[in-house]
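Student: give me a model of this one.
(2 chains)
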Amino acid sequence: MAKKQKTAKRTANKVSYRAAMSVATNEKKTAKQRVAAIASAPLAVIESDKDMQAMLAVLSDTGEPIAVRLAALQALQAAAFSVLAFASNRGDYIATLRKVATDPDPELRQRVLGALMRDQDGFAQKKLLDGLKDPAKALVPPEKALQLLSYDIHADAYKIAREIVKEPPNDDAKREALRLLAADTKAAPIFEKVLRDKKELRENRQIAASALHSLNPDKFQQYARKIVLDKSDYDDIRATSLVALQQFGDDEALGKDKALLKSVKGFSGGKTQAKYKQTAKRFLSKFAG
Amino acid sequence: MRHAAATRALPEEAFAAHVDALAADPARRGELNALLREQHPHYDQRGAATIVRMRGWVLLALARTGVSDADLIFVLEELESGLDPYLVAAAARALRSYPSPNETFAPFVMRALTNIRYHDEPISFESYGEYAVAATGTSPVRELLATLAWLGPHAAGVLDEVRLLRKQGSGLPAKFRAGIDRAIQAIRGPERSDPPAAPACCGAPATGVERTSSWPPDERRSCAPVASAVLQDHDGATITFKEFFTGQPAIVAFFYTRCDNPLKCSLTVTKLARVQALLQAQGLAGRIHTAAITYDPAFDLPERLRIYGKDRGVRLDAHHRMLRAADANDALAEHFALGVNFIESLVNRHRIELYILDAQGRIAASFERIHWDEADVVARAMKILDERAAR
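Tutor: Below you'll find the predicted structure:
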């Protein structure tokens, strides 16, 4: 009985997959209907090689509505998780993504390059690096290129990221360049500079704190202490530094550091935001008895 | 890190032209072999994807000119532990240019199929640096199946595994069916008058490739150039090379924690833990030291070393340490002639390598490129230990 029910359910699923694919690939239907059909059965494409090829054709066809192509990409990305079922079409999928990486639509390009970079694809990596070196060749904005390149620490992106930190085309690009450099052991001096600079964007200083802690924990401990002692610095930066001291510092030295304890006591009261007061109180309960 | 001052003297296109020129000149074809060594200056300060394009082009040149005995280990290495589709496909094609098929190649080809089958993708060998944007050409799986067919009856030892590739559900996709059938037919072969030789012992290639080297005591290089090199261990303690590596034999593996190929560093360190267990079982844990030294000391700080080792079951104590060079990474690389290169401070490509040092800290044996057997390593180390007792 249970077997019969399972078979019936499978058959019903297949029928609904077929119906969904029929609408999804029908150019006479509206874009809205087709997107809805693709969304209703995201794994329909792995039911047959024919359906997969049809969806790949939709993705690569510049004449199709962009909403449908984006939905097709989403369905294909979901299908790619079913490694076994997807294996027979993986080659076509990768080839199609590479082809679509230079598509006229910027959103599609960006998402396709993201899908390729998650597989550390050499083609996508080269395109992104070429675009950073020569903006005329850029397929995505620099901040996006940096974000995608950061998926692969072995990409040849550190040099160009350092140049972008020095002369950023915009704030977002600088932020992403800093994020990428967080894995570059030679970038510790850059993070020291950003962390010290109170005129720097707070988000960048947070990234710098985290990166320096990873790359040179001893150096970060020194800076963390200085920041906590500096009443003029931002509360969130001081709180982050305080947590780093509490979690990774030398317990014995911290317990004896009267200047630091006094500063944290001040930070635990007054105009400090409530959540940061809690951080300070936790520190004091650990080190000030 | 080495050659830090070196510039990218040769643009990629010029490198490709250089490779083509070497391949076209019978008197210089042997020079292609040097280009397969990771530490070659041409590979300094290049990204990993660039290294893939460059090495792939060298392998393809070998596929045209013919793989020699000296080249063979590089090809088998790629098949055994490579995960990049382009390099695996190029290696599979190169192997077919070896003068004669050999039954010991078959397990390497099957291993490569197992490693790459879910990462198969279209490959273009048409011109340097070209990426396929259509799935009509070749792919690593297609090249590997063609190589199995080339092996023919010499792949008889893996015939059952090849047959499983045909199985619906767990086998390769149906589009490879014709390639699998061709391989099976070739392996079965016509009625043979001279059956292939019996498989070599322990899976070691019988001809053409030597995965280990060893040196008699009077030919071993002194460790003097690195004797004073300071090493920091997983607990942050410092010790010199001489202090840790003299007085008893030692087994040393190289690795780095950011290696993204699970068949290389992660497996090497896991296997080192098994070596330690074998030493322990023989009562030798205190008489033979073990160490895993990172290629990437700037990033692999003591805490990272400790966690990486512990996660892989490595025994960590005064005799068995995870180490980073505190001040002399270049000297260590030169002393061991490490098969590694860098972009900035990050490894861009490395080989698998393990060394056995004698009681004077000299390199007595090495295991390179092909994964070593733990029992072999322990047996070699015990021989070195016996050498000492015999004196």
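Student: what about the residue in the stretch 51-200 of chain B that chain A sits nearest to, how many neighbours?
Tutor: Distance from chain A to each residue of the stretch 51-200 of chain B (CB to the nearest CB) is smallest for B:Pro173, at 3.1 Å. Every C-beta, even on glycine, is put in place using the N, C-alpha and C of the backbone. Taking other CB atoms under 10 Å in any protein chain shown as the criterion, the count of residues near B:Pro173 is 19.
Student: quick one, what contacts it?
Tutor: Taking CB atoms under 8 Å, 6 or more residues apart in numbering or on different chains as the criterion, B:Pro173 is in contact with A:87-89.
Student: and it, how far from B:Tyr131?
Tutor: With distances defined as CB to CB, to the nearest Å, the gap from B:Pro173 to B:Tyr131 amounts to 22 Å.
Student: now swap in B:Phe299 and tell me
Tutor: Counting by CB to CB, the gap from B:Phe299 to B:Tyr131 is 30 Å.
Student: pull the helix or strand with minimum mean pLDDT from the chain.
Tutor: No chain was given, so I picked chain A. helix A:2-24 (a mean of 74; mean pLDDT, DSSP states H and E).
Student: let's do chain B instead
Tutor: Counting by mean pLDDT, DSSP H and E, the weakest-scoring helix or strand in chain B turns out to be strand B:212-214, with a mean of 86.
Student: list the residues that contact B:Phe244.
Tutor: B:231, B:250, B:289, B:291, B:321, B:323.
Student: so can I have a markdown table of those residues showing secondary structure?
Tutor: As requested, the contacts of B:Phe244 are exported to a markdown table (DSSP: H, G, I helix; E, B strand; the rest coil):
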| residue | secondary structure |
| --- | --- |
| B:Leu231 | strand |
| B:Ala250 | strand |
| B:His289 | strand |
| B:Ala291 | strand |
| B:Arg321 | strand |
| B:Leu323 | strand |
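Student: can you list the low-confidence ranges for the stretch 251-391 of chain B?
Tutor: When residues are selected by pLDDT under 70, those of the stretch 251-391 of chain B lie in B:388-391.
Student: excluding its backbone neighbours, what's nearest the residue of it found nearest chain A?
Tutor: Evaluated by CB to the nearest CB, the stretch 251-391 of chain B has B:Ala298 as its residue closest to chain A, separated by 3.7 Å. The shortest distance from B:Ala298 to any residue that is not its chain neighbour, by CB to CB, 6 or more residues apart in numbering or on different chains, is 3.7 Å, and that residue is A:Thr185.
Student: do B:Val141 as well
Tutor: Taking CB to CB, 6+ apart as the measure, B:Val141 lies nearest to B:Asp120, with 4.5 Å between them; neighbours along the chain are not counted.
Student: on that earlier part again, got CSV for the contacts of B:Phe244, with distance to B:Ala34 too?
Tutor: As requested, those are arranged in CSV below (distance: CB to CB, whole Å):
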residue, distance to B:Ala34
B:Leu231, 30
B:Ala250, 30
B:His289, 33
B:Ala291, 29
B:Arg321, 34
B:Leu323, 30
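Student: quick one: name the residues of the stretch 51-200 of chain A near chain B.
Tutor: Within the stretch 51-200 of chain A, the positions lying close to chain B (CB under 8 Å from any CB of the partner chain) are A:83-84, A:87-92, A:94-95, A:98-99, A:120, A:122-123, A:125-126, A:129, A:152-159, A:183-186.
Student: just the buried ones from those?
Tutor: The neighbour count (16 or more other CB atoms under 10 Å in any protein chain shown) marks A:87-92, A:94-95, A:98-99, A:120, A:122-123, A:125-126, A:129, A:152-158, A:183-185 as buried among those.
Student: sitting in strands, which of the residues of the stretch 51-200 of chain A next to chain B do you find?
Tutor: Counted as lying in strands by DSSP state E, out of those, is not a single one.
Student: the helix or strand that contains B:Leu267: which residues count as buried?
Tutor: Following DSSP states H and E, the helix or strand that holds B:Leu267 is helix B:267-281. Of the residues in helix B:267-281, those buried by neighbour count under the rule 16+ other CB under 10 Å are B:267-269, B:271-276, B:278-279.
Student: mind giving me JSON lines with those residues and columns for distance to B:Thr138?
Tutor: Rendered in JSON lines, the data for the buried residues of helix B:267-281 read as follows (distance: CB to CB, whole Å):
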{"residue": "B:Leu267", "distance to B:Thr138": "28"}
{"residue": "B:Thr268", "distance to B:Thr138": "31"}
{"residue": "B:Val269", "distance to B:Thr138": "35"}
{"residue": "B:Lys271", "distance to B:Thr138": "33"}
{"residue": "B:Leu272", "distance to B:Thr138": "37"}
{"residue": "B:Ala273", "distance to B:Thr138": "39"}
{"residue": "B:Arg274", "distance to B:Thr138": "37"}
{"residue": "B:Val275", "distance to B:Thr138": "39"}
{"residue": "B:Gln276", "distance to B:Thr138": "43"}
{"residue": "B:Leu278", "distance to B:Thr138": "42"}
{"residue": "B:Leu279", "distance to B:Thr138": "46"}
